[in-house]
Each structure stands twice: as structure tokens, then as C-alpha cells.
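Trainee: Take a look and give me a structure for this.
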Amino acid sequence: MEDDHQVPLKKADPDHHLFALPVDEDGKATEFRPFSMASPHMRAFHLAWLSLFSCFFSTFSIPPLIAVIRDDLHLTETHTSRAAIAAFLGSIFSRIAMGPICDVLGPRVASASLSLLTSPIILATGLVSSPNAFIAVRFLVGFSLANFVANQFWMSCMFSGCVVGLANGVSAGWANMGSGATQLVMPLIYSFIITAFNFPSSTAWRLAFIVPAVLQASTAVLVLTYGQDLPSGSYRRACSSEKASKNKDSFCEVLFNGVKNYRGWILALIYGFCFGVELTTDNIIAQYFYDRFGVNIQVAGTIASSFGLANFFSRPSGGLISDSLGRRFGMRGRLWGLWATQTVAGLLCLLLGRVDSLWGSILVMCVFSVFVQAAAGLTFGVVPFVSKRSLGVISGITGSGGTMGAVITQLLLFSGSTYSKQTGISLMGIMMIVCTLPLTLIYFPQWGGMLCGPSYKRDLDPEADHYRLLE
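Mentor: I've put the predicted structure just below:
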């Protein structure tokens, strides 16, 4: 069966012959070469994932040291769970706002500005002296995760529909490795400060946060200095040109068009129980192995790091699978692939909470990480096709759904002593399976849905563009 939603690529304009990669009519790359530095497409890719990597590194630099921090600040289980929820709440608000900001200012300025504003906050982590201050810092640091919206927006501006799923998957997947790298690196930095400088533990963990703060600020400067919003140049200049020709929608029109599109809200729910579950796991997994199996803080951090580092290939594989299924089966293939992958992830999450041995838990966790991260990549293989004029809004809604899912799972399953951590993990798997079912309700007139074919043939009226979808 031939793809029924990918239209033939447009021929590139003669003006586009200077690009290092082959491009379509809009100057968007039709090939994805992740190990190239070709400007502007692949340079934007590397700047985008590095910037978001630093934000994940900063946001999740606290959990691997939580065993030390809670003793020094006299944190209770309630304090640590509230702090984790606060980090996700900050991300929800900032992600919702980031979509419209990207639509107005472009991804480059939006991304760099957010990183520069939040890097001093992670530095301030070393100054906290009370549980309430600790919770407040985690809330504010969580704002940096809104960089994810700018990341995905930027990739959709640079890459054509035939490879955008892969570009989104690799960019976000490599960036998400920051959550795994920090689990491994922060305990090592903490131990190095104690060993090399003979500082006490209460000082060492505070000094350790200099590293993520500097990393985040440095990547922001690189984005501002070397980044480019669009293949044609500045996003704001392009918007001014469109306004001059009276083809540019107003901010309110862009926002309203995105908010009223029900597909964005369903994808937000789906994303909440793949990426949201991933965030929750990043938050609890080191402490889970530390408390349940009695390993030391360095070993717990190393085990936990393998979960996040799997993003190097797992989330990109989700984007690749989405594009492959799209070429073979159309939008129906993308949706079925997402449903199947996330359902398997839910079953593995359920199993993780039931395994009693250390090595068995590590094995199941590693396989689970591949599927749950691939599901996130598959989700953003669908997002770019929902709305062209409101791409930033749809990306923001979907992205905020991810952190909302993390808040829900953290609040219901890992706050207080209602459930043990292993029971909470199994219940989280059941929630994943159930909350993936609404995917069957997504339907595109041109391309159909999971359970039925298209009701509208685009080739009968090539000028029609009911939903202003990407071509």
C-alpha cells in the first residue's frame, strides 16, 4: 500500500542550490545527516540538541544527589516528592508559553533566552538551606525544559515532511541523554570535589551545581552566535515579509487555531504517558535502586544513567520507524506504530515493578527505556502534520502534556507512603496502556485514522488545505 499522506517533494528553487543538503521548495532539507555540520540545517540540529541536552542535564542534576541533599537539608519523603512535582509544574507552564513565543520570535531567540534566564537558578541550588527553598529552586529550574518545544519547532522549520520525524526523534533523543548523563556525572563530580579538595559533603554537593549552570549558559551563547531560525535566515525577518504581503496570521489566530485542534490535545495525553513516564522514572529510578537493593550512590547513579542514555538510539528509532511506516502505510501506519510501541512500554513498566532481583530489574528497565523513549519519538512523528500555521502551539500543547503526565504519575503514585515504589511503577504501566487508547480517535480527512481510511482525496482538489497541514 502506497503512502497516502506524503505528497511528492516539490522541486527546489534555483536560489536553493547553495545549500549543502538537497532541499524542497521551502528550503527544508529532504535528507538528514546527523554527523554532518552543514549550514544551516545540520548546524541548527546540533545547536538544538546540545542546548536541550544542557537543560535536561541541569534539571535532573538534583535527583542523583538527593540521598546526600536530603540528609543535609533534613528533607522528608514529602519534601522530595513535592520538589519533583514542582519541577514538572514549572515545565508545564513554560512549555505552554513557549509554543506561541516560538511562533512570534522564532526558535533560536526563544531557546537561548530561556537557557540564559534559568542557568543562574541551577547555580542557586548550592545556596538553598531549607526544604521550601529547595522546592522553589526545583520549580524554577523546571522552566528550562520548555526548550524542548523550541527544539522540535526548530527541526520542523529546517527539515521536510519526509524526514522530519527522524530529525525530531534524533534531536530530542540525543538531548534527552542529558537526563542520563547527569545521573552518571553528578555523583562523580561530587566525589571528585570531596577527594581532590577535601571539602565536606555538605559543601561538595553545593559546588557540584556550578557545572550544569555553566554548561547551560554556554550552549545558549552558542545558539545565539551560530544559530539560524530558517533555511532562509531570520524568523522575524521572514514574518515581517509575510506581514507585508498580508499572508501572516495574527498571534490570536495562530493561538486559537492550535487550541481548538483536538488532535493536539489527544497527542498531549499520549505524550504524557510516554515522555511523562520517562521524566518520572528519571526522577525516582536512582533512589529506587538505592533504597530497594541497597547499592551505593555511585552505583545507583550508574544504573539510572543507562535509562536516560538509551535516548541516543531509542527515541531516534521512534522517529525513524514513524517515517518508515508513514512512507509505507501513510498516517495510519504512524498511528498504529505509536499505539503498539507505547502499549509494549506499558507492559514492561508493569513488569519492572514486579521483578525482585537487582539484575532482573536492570534488564527490564533497559528494555523498558527503549520502548518508552521510542514512543516519544513516534509521537513527534505525528505532531508536525497536525497544523502548519500553529505548529508552535501544537508542539507546546503536546510538550506540556508530557510534563503534566509526569506531575500526575508523581503525585498519584510516588508522593507520600500510599504505595511502595515498586507498586507505583507497576500502576504507572497500567496507566500507560489505558491512556494510549484515545489514539484511536485521531482522524485526518485526507489520510484517515487507525480504524478507517480517508474521507477526502487531496488529489481531487490540490489547492484545498483544510487544516493548513505540512506538505
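
Trainee: can you list the weak-confidence ranges in the stretch 301-450 of the chain?
Mentor: By pLDDT under 70, the weakly predicted segments of the stretch 301-450 of the chain are 417.

Trainee: got the residue ranges for the helices in it?
Mentor: Ranges of helices in the stretch 301-450 of the chain, per DSSP state H, counting those that start in this stretch, are 314-329, 331-352, 358-379, 391-413, 421-435.

Trainee: Now the last one: buried residues?
Mentor: When you say that, I think you mean helix 421-435. Neighbour-count burial for helix 421-435, with 16 or more other C-beta atoms under 10 Å as criterion, is recorded at 421, 422, 424, 425, 426, 427, 428, 429, 431, 432, 433, 435. Placement of C-beta: from N, CA and C, glycine included.

Trainee: picking up where we left off before, let me know which of the helices of the stretch 301-450 of the chain is tucked in deepest.
Mentor: Most buried of the helices of the stretch 301-450 of the chain by mean neighbour count (mean count of other C-beta atoms under 10 Å) is helix 391-413; its value is a mean of 26.

Trainee: how much does that one deviate in direction from helix 421-435?
Mentor: Counting by axes from the mean of the first three to the mean of the last three C-alpha atoms, to 10 degrees, helix 391-413 lies at 140 degrees to helix 421-435.

Trainee: Restrict helix 391-413 to CA atoms and write it as PDB.
Mentor: Taking Å, rounded to 0.1, in the frame of the first residue of the first chain, the C-alpha atoms of helix 391-413 are listed here in PDB:
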ATOM      1  CA  LEU A 391       3.000  24.300  14.700                       C
ATOM      2  CA  GLY A 392       4.400  26.000  17.800                       C
ATOM      3  CA  VAL A 393       1.100  25.900  19.600                       C
ATOM      4  CA  ILE A 394       0.600  22.200  18.900                       C
ATOM      5  CA  SER A 395       4.200  21.400  19.900                       C
ATOM      6  CA  GLY A 396       3.700  23.400  23.100                       C
ATOM      7  CA  ILE A 397       0.400  21.600  23.900                       C
ATOM      8  CA  THR A 398       1.900  18.200  23.300                       C
ATOM      9  CA  GLY A 399       5.100  19.000  25.100                       C
ATOM     10  CA  SER A 400       3.300  20.300  28.200                       C
ATOM     11  CA  GLY A 401       1.200  17.200  28.100                       C
ATOM     12  CA  GLY A 402       4.500  15.300  28.700                       C
ATOM     13  CA  THR A 403       5.200  17.200  31.900                       C
ATOM     14  CA  MET A 404       1.600  17.100  33.000                       C
ATOM     15  CA  GLY A 405       1.800  13.300  32.800                       C
ATOM     16  CA  ALA A 406       4.900  13.400  35.000                       C
ATOM     17  CA  VAL A 407       3.000  15.500  37.600                       C
ATOM     18  CA  ILE A 408       0.100  13.100  37.600                       C
ATOM     19  CA  THR A 409       2.200  10.000  38.000                       C
ATOM     20  CA  GLN A 410       4.500  11.600  40.500                       C
ATOM     21  CA  LEU A 411       1.600  12.900  42.600                       C
ATOM     22  CA  LEU A 412      -0.700   9.900  42.500                       C
ATOM     23  CA  LEU A 413       1.900   7.100  42.700                       C
END
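
Trainee: Over to the closest residue to residue 390 other than its chain neighbours. Which of the three states is it?
Mentor: Of all residues not flanking residue 390 in the chain, residue 258 sits nearest, at 3.3 Å (C-beta to C-beta, 6 or more residues apart in numbering). Three-state call for residue 258 (DSSP: H, G, I helix; E, B strand; the rest coil): helix.

Trainee: Residue 116: how many residues sit nearby?
Mentor: 16 (other C-beta atoms under 10 Å).

Trainee: pLDDT score for the spatially closest residue to it that is not a sequence neighbour?
Mentor: When the adjacent residues along the chain are set aside, residue 116 lies closest to residue 220, with 4.7 Å between them (C-beta to C-beta, 6+ apart). Looking at residue 220, its pLDDT is 97.

Trainee: who's in contact with the host helix or strand of residue 220?
Mentor: Using DSSP states H and E, residue 220 falls within helix 210-226. The contact list for helix 210-226 (C-beta atoms under 8 Å, 6 or more residues apart in numbering) reads 43, 47-48, 50-51, 53-55, 57-58, 61, 108-109, 111-113, 115-116, 118-120, 122-123, 126, 144, 182, 185-186, 189.

Trainee: again, only using 7 Å
Mentor: Helix 210-226 has contacts (C-beta atoms under 7 Å, 6 or more residues apart in numbering) with 43, 47, 50-51, 54-55, 57-58, 61, 108, 111-112, 115-116, 119-120, 122-123, 144, 182, 189.

Trainee: Likewise for stretch 255-267?
Mentor: Stretch 255-267 is contacted from outside by 100, 379, 382-383, 386-387, 389-390, 393-394, 397-398, 438-439, 441-442, using C-beta under 7 Å, 6+ apart.

Trainee: does residue 26 count as helix, strand or coil?
Mentor: When classified by three-state DSSP, residue 26 comes out as coil.

Trainee: same deal with the one 5 residues further on?
Mentor: Here residue 31 is recorded as coil under three-state DSSP.

Trainee: Use 54 as the first number for this chain going forward.
Mentor: Right, with 54 as the first residue, what we last looked at is residue 84.

Trainee: For the nearest residue to residue 420 once chain neighbours are set aside, give me its contacts.
Mentor: Nearest residue to residue 420, sequence neighbours excluded (C-beta to C-beta, 6+ apart): residue 401, at 5.8 Å. Going by C-beta under 7 Å, 6+ apart, residue 401 touches 417, 420, 421, 424.

Trainee: Please report how far residue 401 lies from residue 485.
Mentor: Per C-beta to C-beta, to the nearest Å, residue 401 is found 9 Å from residue 485.
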